Structures are given as C-alpha cells and as structure tokens.
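Q: What follows is a predicted structure for the sequence shown.
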Protein chains: 2
Amino acid sequence: MESLETNVKGYDYGKTAKPSPITLKELELLKATVLFSPTDEENLRKAGGVLIEQADAIMDIWYELIGSHPHLLIYFSKNNMANLEYLTAVRKRFIQWVKDVCLRPFDQAWLNYQHEIALRHHSIKKNKTDEIEAAPIVHYRYIIAFIYPITATIKPLLANKGHAPEEVEAMHQAWFKAIVLTVTLLAYPYVRTGEF
Amino acid sequence: MESLETNVKGYDYGKTAKPSPITLKELELLKATVLFSPTDEENLRKAGGVLIEQADAIMDIWYELIGSHPHLLIYFSKNNMANLEYLTAVRKRFIQWVKDVCLRPFDQAWLNYQHEIALRHHSIKKNKTDEIEAAPIVHYRYIIAFIYPITATIKPLLANKGHAPEEVEAMHQAWFKAIVLTVTLLAYPYVRTGEF
Ligand code: HEM
Ligand code: HEM
C-alpha cells in the first residue's frame, strides 16, 4: 500500500480522530446486500489501474457537472461566489478517494475514513479541513442523487484502455456496487438516531 | 391512465393523506442532478411495456434476494417468522409501483405517493396498511443499498423482448435514474430536520 501514501493537504486516511459507528460485521451485511463478491474486489483493483491514470479526466467531468448547476456549486460557495481554493483542495482529496475505493481493502481504516468523509459533508465537519467559509452542510438529497452521475460517467473511461467489453462491464459493476456502499456509509450523520 | 387504476389492497395512489414535503421545483433540481431528460421519460414508458408483462419474474428475483438474507427478511417478520400474508400484500403493491415509476408522470400525485411509500418503510407508518406485526422500521442503510440489486437485476429482463442492445441500454439508464430519484425521496422521513 506504500504507493497510496500521498501528501494531500487535509487527507487523513488512517489518522481519523473518530472510529466509524459501523462495525465490520455490519459492513459485511451491506456488502451482501449489494452483492459484493471477491470477484468484484479483483475487478475494483483492475478498475483502479485504469482510472488512476485518468483521474484528472474524471474530476473534470464531475466538476463540470457541479460547476454547471448552481444548486450544486452553492456547496462550494459563499455569497454565491465559488471558492476556488476550496474546489482545488477537495479535488485532490477526491482523486485520493478514487484510489482508496479501488485499491484499499474495505477494513476498519477504510470504514473510519468513509465516516470522516461523511462528517465532512455534514455540518459537523464541513469547511473545517480547509478552514474556509461556505455553505454549512451538503444536503443529503444530492449526495444520494450523485450515485447516478458518479456511476454512469465512469463507464466510458473504463473502456479507454483496451479491455474487452465484458471486462469493462465487470469493472463497472464492481464500481457501481462500491459507490452504493460508500454512499450508504455517507448517510450516517444525516439519519436520525437508531434509523440508519 | 385508466389502465393504471387497479384494485390492490392498501394501494392509495392519488388518495394519500399527506402531501410530499418535496416541491415540484425541488424535484426538478433532483432530476437535473441525475441527468433525467425527456428522452429518459420516453425510455421509461418503453421499459414499462417490457417490464409489466414480466412483473412476476421481477418480484421473484427481488423476493429471492430478501428471502435468502435473514438481515433483510427480518423486516417482514416477527419473532424470526416471516409473515406470508404481509409479503403477498406488499408484492402486489410493489408491482403497482413498478408500473407507476415507468408509466406515470412525475407530478404532485407521484411525489405524494413516493412520500407515502417512504412513511411505510419508516416507523411512522410501517405495518399499518396491512395491520400486521413485524419489525417497526426498515433501516435506511438497506433501502439505499438496494439501489444496486434493483437496478442491476432489471437489465436482463429489459433485453427479453427483442430490443436492440442500444435500446436496452437506454431503457436501463432511464430506470437507473428513476430508481436513484425514488430512493432519494424515500430518505426524507429518516433524515434529520433541515438536512435532507
Ligand atoms: C456520490 C456522492 C459523493 C461522494 C462519493 C463524495 C465524495 C467526496 C470526497 C471523497 C470528498 C473529499 C473527502 C476528504 O476530505 O478526504 C468530498 C468532499 C466534498 N464534497 Fe462530496 N461526494 C459526493 C457528493 C457530493 C455532492 C452532491 C456535493 C455537492 C455539490 C459534494 C460536495 C462536497 C464538498 C463541499 C466537499 C468538501 C467538504 C469539506 O469541507 O471538507 N459532494 N466528497
Ligand atoms: C430501492 C429500495 C426500495 C424500494 C424502491 C422499495 C419500494 C417499496 C414499495 C413500492 C413498497 C410498497 C408501497 C405501498 O404500500 O404501496 C414497499 C414496501 C415495503 N418494503 Fe420496500 N423498497 C425498497 C427497499 C426495501 C428494503 C431493503 C426492504 C427490507 C427488506 C424493504 C421492505 C419493505 C417492507 C417491509 C414494505 C411494507 C411496508 C408496510 O408495512 O407498508 N424495502 N417497498
């Protein structure tokens, strides 16, 4: 995992203050629900190899989507002015997360960092990492809605490195499952006590 | 829409007591976030034609998934005994919902009924429609996780009626967007006030 250690400002993988409220046993049940298998794990590794080289292209697509929708850009803004410093810092951590989803084992450290990411969207921790002023919370509705674009836009990129259509499809299904799994974990701070 | 009026026990489309807390204007923003276009609407209508004839096959697949996972079946159970009457009643309303997603316009009545469905998963209204005793709430984590199986398992069925692969793909993307949209609306009662 040495190659995953990077010097990204505000990226605290393995060093989060709080453990995830979700246990590894609960994660297993969630994995079963999204039909996540050892083959998916292999396909995610493979997808990682394909996607990491194209990380900037991925971020261009997602940021274009956010930038072209005022109701999304507002979360990076104050007084309707998007904060470029904030967007740039988050972009680097987001690329790091693409690597983590594809290449890290879904273990306790991974769970803990997904929870940290959840807190960073929620008012509990939003804006703190970059010490900026912007909207105090990302509303949950858009996090879940983002499952669609973040899944669909990845497929053409997976096809860019000469894999057979069945391989592309298998990598894409693994990515889709991993996204649903992550976004489920992002819900935790938003959901009423006992209802998650 | 005449053909959509059916006599399904407990199915209250158009007659819900409470209006949705989400406005049509907010729905438009969600549709923009999942990139839902008029073409998707056409493709959903087309998907409806393909899926409705296969409604029982769809339900067999989903119920098989629930039935084979004790952590899911528990929501239809009391004292670890699944309630068959409950499963049967919900199955009929679930088929009705597949029709509604594909064939109804996403208007105020549709929004209101998605909210009613949300309340029926939540402790606010679970078990009341069928007047049975079972787990008091479906935990939100599995509702969101279900996006994966409910999207992926539909694709082969869409291919069963002789459409070209591009048509199947277009119908499937429309379905995927519609599912993400619906599951977003299902979150409402679970999310803390002001955070949805
Ligand atoms: C599929 C859904 C989403 C995923 C998986 C996701 C993932 C991420 C990740 C990995 C980060 C960086 C975490 C870190 O600091 O290491 C991040 C930060 C952020 N995301 Fe998202 N995101 C999602 C949806 C959204 C949406 C819809 C918005 C609204 C436009 C949004 C706004 C932000 C903001 C403002 C930050 C910075 C938070 C802070 O102040 O630290 N995200 N997101
Ligand atoms: C993609 C996610 C899901 C969707 C779209 C969905 C959709 C529906 C629909 C349409 C109904 C019938 C509503 C009516 O009464 O007219 C229903 C009922 C129900 N669903 Fe789900 N469901 C989802 C996930 C789940 C999961 C994961 C479970 C847990 C196993 C579950 C358990 C139930 C139960 C127990 C009922 C009956 C509620 C009552 O007492 O009225 N659902 N669902």
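A: Noted; the coordinates are in hand. Ligands and ions are numbered 1, 2, ... in the order given.
Q: Kindly tell me how buried whatever residue of chain A ends up closest to ligand 2 is, as a neighbour count.
A: Closest residue of chain A to ligand 2, C-beta to the nearest ligand atom: A:Thr33 (7.2 Å). Where C-beta positions appear, they are placed from N, C-alpha and C, glycine not excepted. Neighbour count of A:Thr33, defined by other C-beta atoms under 10 Å in any protein chain shown: 26.
Q: distance of it from B:His163?
A: Distance of A:Thr33 to B:His163, given as C-beta to C-beta, to the nearest Å: 29 Å.
Q: OK, contacts around the residue lying closest to A:Ala57 once chain neighbours are set aside?
A: Distances taken as C-beta to C-beta, 6 or more residues apart in numbering or on different chains place A:Leu157 nearest to A:Ala57, at 6.4 Å, with adjacent residues excluded. If you count contacts by C-beta atoms under 8 Å, 6 or more residues apart in numbering or on different chains, A:Leu157 has them with A:Val50, A:Leu51, A:Gln54, A:Ala57, A:Ile58.
Q: same question, A:Ala159
A: Each residue near A:Ala159 by C-beta under 8 Å, 6+ apart is listed here: A:Pro165, A:Val168.
Q: try 6 Å this time
A: Residues in contact with A:Ala159 (C-beta atoms under 6 Å, 6 or more residues apart in numbering or on different chains) are A:Val168.
Q: Relative to A:Gln54, how far out is it?
A: 11 Å.
Q: Tell me the residues of chain A that contact ligand 1?
A: Residues of chain A lying near ligand 1 by C-beta under 6 Å from any ligand atom: A:10-11, A:66, A:72, A:75-76, A:90, A:93-94, A:97, A:117, A:120-121, A:126-127, A:129-130, A:138, A:142-143, A:146-147, A:150, A:182-183.
Q: If any of those are buried, put those into a ChimeraX selection.
A: Those of the residues of chain A next to ligand 1 that count as buried under 16 or more other C-beta atoms under 10 Å in any protein chain shown are selected in ChimeraX with:
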select /A:11,66,72,75,76,90,93,94,97,117,120,121,126,127,129,130,138,142,143,146,147,150,182,183
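Q: ok, back up a step: in this structure the residue of chain A closest to ligand 2 contacts B:Ala145, no?
A: Yes. Counting by C-beta atoms under 6 Å, A:Thr33 touches B:Ala145, with 4.1 Å between them.
Q: next one: phi and psi at A:Val191?
A: phi -90, psi 140 (degrees, to the nearest 10).
Q: My read is that it contacts B:Tyr140, right?
A: Yes. A:Val191 is in contact with B:Tyr140 according to C-beta under 6 Å; the separation is 5.2 Å.
Q: Give the residues shared as contacts by the two.
A: Joint contacts of A:Val191 and B:Tyr140 (C-beta under 6 Å, 6+ apart) are B:Tyr190.
Q: Comparing these two, which shows the higher neighbour count?
A: Using other C-beta under 10 Å, the more surrounded residue of A:Val191 and B:Tyr140 is B:Tyr140, with 24 against 19.
Q: doesn't B:Tyr190 make contact with that one?
A: Yes. Using C-beta under 6 Å, B:Tyr140 is in contact with B:Tyr190, at 4.4 Å.
Q: Find residues that contact each of these two.
A: Joint contacts of B:Tyr140 and B:Tyr190 (C-beta under 6 Å, 6+ apart) are A:Val191, A:Glu195.
Q: Touching, A:His71 and B:Lys31? I think so.
A: No. The pair A:His71 / B:Lys31 is not scored as a contact, 11.3 Å apart, by C-beta under 6 Å.
Q: the more surrounded of those two?
A: Neighbour count, other C-beta under 10 Å: between A:His71 and B:Lys31, B:Lys31 has more, with 18 against 15.
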